[in-house]
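J.: have a look at this prediction, sequence included:
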There are 6 protein chains.
Amino acid sequence: MSDSMRYETGLAMLDRIDGAGGRHVVDALWDIAPDFGKYLVEFPFGDIYSRKGVDLKTREIATIAALAALGNAGPQLKIHLRACLNVGCSKTEITEILMQIAVYAGFPAALNALFAAKEVFEETTPTSK
Amino acid sequence: MSDSMRYETGLAMLDRIDGAGGRHVVDALWDIAPDFGKYLVEFPFGDIYSRKGVDLKTREIATIAALAALGNAGPQLKIHLRACLNVGCSKTEITEILMQIAVYAGFPAALNALFAAKEVFEETTPTSK
Amino acid sequence: MSDSMRYETGLAMLDRIDGAGGRHVVDALWDIAPDFGKYLVEFPFGDIYSRKGVDLKTREIATIAALAALGNAGPQLKIHLRACLNVGCSKTEITEILMQIAVYAGFPAALNALFAAKEVFEETTPTSK
Amino acid sequence: MSDSMRYETGLAMLDRIDGAGGRHVVDALWDIAPDFGKYLVEFPFGDIYSRKGVDLKTREIATIAALAALGNAGPQLKIHLRACLNVGCSKTEITEILMQIAVYAGFPAALNALFAAKEVFEETTPTSK
Amino acid sequence: MSDSMRYETGLAMLDRIDGAGGRHVVDALWDIAPDFGKYLVEFPFGDIYSRKGVDLKTREIATIAALAALGNAGPQLKIHLRACLNVGCSKTEITEILMQIAVYAGFPAALNALFAAKEVFEETTPTSK
Amino acid sequence: MSDSMRYETGLAMLDRIDGAGGRHVVDALWDIAPDFGKYLVEFPFGDIYSRKGVDLKTREIATIAALAALGNAGPQLKIHLRACLNVGCSKTEITEILMQIAVYAGFPAALNALFAAKEVFEETTPTSK
């Protein structure tokens, strides 16, 4: 595959998964490290997420599990909580997985991820307080 | 639910997910911290894994993603790689998820998890070297 | 022990250790993952903190040491810095332990924990600015 | 204080806390980074552990809590589990604190620390296998 | 070396590397843990940064690489991004190193460090918005 | 750039930096995740290490700093300690950087990295035991 094909494939995948949030990150890199925006599109989205073998819903479940366990990537966790909803996970599936993180990375990691999810769910629920 | 019911439910779930590996961990705690073996059965397996909302296959995908990202729990990662196979994940699904960890926790985390998977897959493949 | 007894025991312990801060966390889980609020009361506080063998002061010293070393659980660190004071640790004991974290997790982890302690101490000191 | 006084103070503290294990680490640095052996004696042991304000038992409790939570410093955890015993912690106190780490850093961190403690306890128990 | 010489040496080094930012941290420790301000000057800056063998530019490159990889020490990362510029690193050198962190600690760690660098670079660029 | 050019560029860079060690990792991935060997060559080595802006010596300094700070990637740290020597770092430069990691990630992280360096230096020293 040529680089331009990887970039096009990656950008379509980024749009599908992250919606406006993904493009916003790439744009924000423009004046500091534009090539890194290119790599971000090409490797994670053009190479990895575009692979067959597992569906996007499963990929996003794995991503929020990893980010919640690491506990030091708040902005990326919120982007991928939105992405989880975008690719078809229910709010119940998301909260189930985040609760499970308490077992592997402790209650603080699970709590911080659940509160991030609460903020994301409220953005997307018209009638939420 | 009474504690004895949580324990029974958890033990059945532990056996189903981890096979002999889970019981081995509980037994190994016997002479150092027997109550911790009880908690390990009750909370992760009796409370969390026994919940509805996501299937066991999805739970195990999340677990190996979290453990691979953390990168400091080698024995538990291997137990859950076996558990992934036990609850119906294919080897392809497992390697796809572990490759994806490179994006969120770096190439060393992904490599070490893939090499752990290689060891686990070889255990379970009759004709492997 | 029945689940309701674990919950009652845990809630009394949560109130004793964390004061209003603990209940606030449980309440905040209500509309996102109410069962997780229940687990949070039952396992950490009903099962673990209610055990004999070490006093609550020692337990809270261990908790702030762990959270300061991990460095990715700011809200929980502040709750447990308040809890340390609640169960009888002096400000000197707390700052001594946080300074020691520099040895095991580096100066940034110790500094960030000391500045969190500074904020907590100022809340509780009548004449602070 | 002069550097030689910090070194002497630190070395006496190192011997008291870690016994032969601490000197072994300093000696092992001799042919790779001898100055680092000096710093290791001076800063952690000469400056920090020699401070008043908390007793050595409490300091060692905090240290094993931090190292168990981090989960990536196996050799140092074992040295400090021995140190805990040296400065007067009981095996029960140690296992209680390590079990509590499950709450803050997850079950794998607690399990790996408990199994390290099991090895250390067996070294020091005449009738162990 | 006497302690007062280590302190003087360290303070001169702190001023040279971190400018006003370093002194600000030491001052902020005054009412919570003044001795820790002393240790911060003496060990990292008086002992380590004052050593021969590598130049300050290389030391600061290593520091931002370590802090970006850990991902849980935001304030210290920003101080050392400024320090990198102070000791002669170009913006290009800094962004190259931070992009490389994606390989070893994942894209979120690299992105968060690059966005911290963007803020620091804008502070120091007269015509930035 | 086409994918085959990225692969060729990356493989030449991998050989230059890691010597036989890098190829060994790619080969070991063959029967578990061959595409990941391809990505490992293409993204870290074809895209990142092949960039201008900083020399390879500086890149390897940053890599060992990051890996030593993370503390959970032992095999990769040893590969890159060898790589540091391959691209022209002296043993003194390496030990200086690893000692400095004590400031940012704690003494255990620095000690474990120094002992890994000791093993690597002994491999490459004709008269070592």
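T.: Yes, it's here.
J.: doesn't residue B:100 make contact with residue A:59?
T.: Yes - between residue A:59 and residue B:100 there is a contact at 6.2 Å, judged by Cβ atoms under 8 Å. Glycine gets a C-beta too; all of them are placed from N, C-alpha and C.
J.: which residues do those two both contact?
T.: residue A:49 (Cβ atoms under 8 Å, 6 or more residues apart in numbering or on different chains).
J.: the longest helix along chain A and chain E in contact?
T.: For chain A, the helix with the greatest residue count under DSSP state H is helix A:107-124. No - using Cβ under 8 Å from any Cβ of the partner chain, helix A:107-124 stays clear of chain E, coming no nearer than 11.9 Å.
J.: ok, and for that helix, which residues are buried?
T.: A:107-118, A:120-121 (16 or more other Cβ atoms under 10 Å in any protein chain shown).
J.: doesn't residue A:83 make contact with residue A:16?
T.: No - using Cβ under 8 Å, residue A:16 is not in contact with residue A:83, being 9.2 Å away.
J.: so for these two, which sits in the more crowded spot?
T.: residue A:83 (25 against 15; other Cβ atoms under 10 Å in any protein chain shown).
J.: quick check: which ranges of chain A have low pLDDT?
T.: A:1, A:124-129 (pLDDT under 70).
J.: what parts of it come near chain B?
T.: A:43-44, A:48-49, A:51, A:53-54, A:58-59, A:61-70, A:73, A:76, A:92-93, A:95-97, A:99-105.
J.: of those residues, buried ones?
T.: Buried residues within the residues of chain A next to chain B, counting neighbours by 16+ other Cβ under 10 Å: A:43-44, A:48-49, A:54, A:58-59, A:61-70, A:73, A:76, A:93, A:95-97, A:99-105.
J.: near chain F, which of the residues you listed show up?
T.: Within those, those near chain F by Cβ under 8 Å from any Cβ are A:43, A:48.
J.: keep only those of the buried ones among the residues of chain A next to chain B that are in helices.
T.: Counted as lying in helices by DSSP H, out of those, are A:58-59, A:61-70, A:76, A:93, A:95-97, A:99-105.
J.: just checking: which of the buried residues of helix A:107-124 also lie near chain C?
T.: A:107-112, A:114-115, A:117-118, A:121.
J.: which of these lies closest to residue F:6?
T.: When these are ranked by distance to residue F:6 (Cβ to Cβ), residue A:109 comes first, at 36.0 Å.
J.: wait, what's in contact with that closest one?
T.: Neighbours of residue A:109 in contact, by Cβ under 8 Å, 6+ apart: A:68-69, A:71, A:101-102, C:72-73, D:106.
J.: now residue A:29
T.: By Cβ under 8 Å, 6+ apart, residue A:29 lies in contact with A:36-37, A:40, E:111, E:114.
J.: chain D contacts on chain A?
T.: A:102-109.
J.: residues of chain A that sit close to chain C?
T.: A:70-72, A:95, A:98-99, A:102, A:106-112, A:114-115, A:117-118, A:121.
J.: grab the nearest non-local neighbour of the most centrally placed residue in chain A.
T.: A centroid search over chain A (Cα atoms, centre = their mean) returns residue A:80, at 2.1 Å, as the residue closest to the centre. Closest residue in space to residue A:80, ignoring its immediate chain neighbours: residue A:63 at 4.8 Å, by Cβ to Cβ, 6 or more residues apart in numbering or on different chains.
J.: contact residues of chain A facing chain E?
T.: Going by Cβ under 8 Å from any Cβ, the residues of chain A near chain E are A:25, A:28-29, A:31-33, A:35-36, A:39-40, A:44, A:67, A:70-73, A:75-76.
J.: between helix E:107-123 and the strand or helix carrying residue A:23, find me the angle.
T.: Using DSSP states H and E, residue A:23 falls within helix A:20-28. Calculated by axes from the mean of the first three to the mean of the last three Cα atoms, to 10 degrees, helix A:20-28 forms an angle of 50 degrees with helix E:107-123.
J.: just the C-alpha atoms of stretch A:71-90, please, in PDB.
T.: C-alpha atoms of stretch A:71-90 as PDB (Å, rounded to 0.1, in the frame of the first residue of the first chain):
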ATOM      1  CA  GLY A  71      -5.200   5.900  34.100                       C
ATOM      2  CA  ASN A  72      -3.000   8.700  32.700                       C
ATOM      3  CA  ALA A  73      -4.600   9.500  29.400                       C
ATOM      4  CA  GLY A  74      -7.800  11.300  30.300                       C
ATOM      5  CA  PRO A  75      -8.400  13.100  27.000                       C
ATOM      6  CA  GLN A  76      -7.900   9.900  25.000                       C
ATOM      7  CA  LEU A  77     -10.200   7.900  27.300                       C
ATOM      8  CA  LYS A  78     -13.000  10.400  26.700                       C
ATOM      9  CA  ILE A  79     -12.500  10.400  22.900                       C
ATOM     10  CA  HIS A  80     -12.700   6.600  22.900                       C
ATOM     11  CA  LEU A  81     -15.700   6.500  25.200                       C
ATOM     12  CA  ARG A  82     -17.500   8.500  22.500                       C
ATOM     13  CA  ALA A  83     -16.000   6.200  19.900                       C
ATOM     14  CA  CYS A  84     -17.400   3.200  21.800                       C
ATOM     15  CA  LEU A  85     -20.900   4.700  21.500                       C
ATOM     16  CA  ASN A  86     -20.200   5.600  17.800                       C
ATOM     17  CA  VAL A  87     -19.400   2.000  16.800                       C
ATOM     18  CA  GLY A  88     -22.400   0.500  18.600                       C
ATOM     19  CA  CYS A  89     -21.500  -0.300  22.200                       C
ATOM     20  CA  SER A  90     -24.400   0.400  24.700                       C
END
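J.: wait, the residue nearest to the centre of chain A sits on residue A:60?
T.: Yes - between residue A:80 and residue A:60 there is a contact under Cβ under 8 Å: 6.2 Å.
J.: leaving out chain neighbours, which residue sits closest to residue A:87?
T.: Here the residue nearest residue A:87, using Cβ to Cβ, 6+ apart, is residue A:56, at 4.2 Å.
J.: give me the number of residues near that neighbour?
T.: Neighbours around residue A:56, by other Cβ under 10 Å: 18.
J.: could you measure from it over to residue A:2?
T.: Applying Cβ to Cβ, to the nearest Å, the value for residue A:56 to residue A:2 is 24 Å.
J.: also residue A:58?
T.: On the measure of Cβ to Cβ, residue A:58 and residue A:2 end up 29 Å apart.
J.: please apply the same query to residue A:24.
T.: Distance from residue A:24 to residue A:2, counting by Cβ to Cβ: 26 Å.
J.: just residue A:107 next, same as before
T.: In terms of Cβ to Cβ, residue A:107 sits 47 Å off from residue A:2.
J.: next, the contact list for residue A:104, please.
T.: Contacts of residue A:104 by Cβ under 8 Å, 6+ apart are A:69, B:63, B:66-67, B:70, B:73, B:76, D:106-108.
J.: distance to residue C:88 added to those, as JSON lines?
T.: Putting the contacts of residue A:104 into JSON lines (distance: Cβ to Cβ, whole Å) gives the following:
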{"residue": "A:69", "distance to residue C:88": "33"}
{"residue": "B:63", "distance to residue C:88": "38"}
{"residue": "B:66", "distance to residue C:88": "36"}
{"residue": "B:67", "distance to residue C:88": "37"}
{"residue": "B:70", "distance to residue C:88": "34"}
{"residue": "B:73", "distance to residue C:88": "34"}
{"residue": "B:76", "distance to residue C:88": "35"}
{"residue": "D:106", "distance to residue C:88": "28"}
{"residue": "D:107", "distance to residue C:88": "29"}
{"residue": "D:108", "distance to residue C:88": "32"}
